[in-house]
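Asks: have a look at this fold, sequence not included:
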């Protein structure tokens, strides 16, 4: 999770998100819901 309230988040959230998506892409999923 990343947000501006209560210091929730990480300075490298973009890199983490991109890494996660690349790994999930290997599973050939048809739908990913991220909130």
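Replies: Good, I have the coordinates. In this text the structure is predicted, and so the values were computed from the model without any measurement.
Asks: what ranges do the helices span in this structure?
Replies: With helices called from DSSP state H, the chain shows them at 13-25.
Asks: for it, which spans come out with low pLDDT?
Replies: Where the chain drops to pLDDT under 70, the residues are 1, 32.
Asks: let's see it at 90
Replies: Low-confidence segments of the chain (pLDDT under 90): 1-14, 16-17, 20-21, 24-25, 28-35.
Asks: got a list of what the residue lying farthest from the centre of it touches?
Replies: Centroid-distance maximum for the chain: residue 6 at 19.1 Å, with CA atoms, centre = their mean. Contact analysis of residue 6 by CB atoms under 8 Å, 6 or more residues apart in numbering lists nothing. Every C-beta, even on glycine, is put in place using the N, C-alpha and C of the backbone.
Asks: state the distance from it to residue 33.
Replies: Noted for residue 6: a distance of 24 Å to residue 33, by CB to CB, to the nearest Å.
Asks: just residue 19 next, same as before
Replies: Remark: distance between residue 19 and residue 33 (CB to CB) = 18 Å.
Asks: out of the two, which sits in the busier spot?
Replies: residue 19 (11 against 4; other CB atoms under 10 Å).
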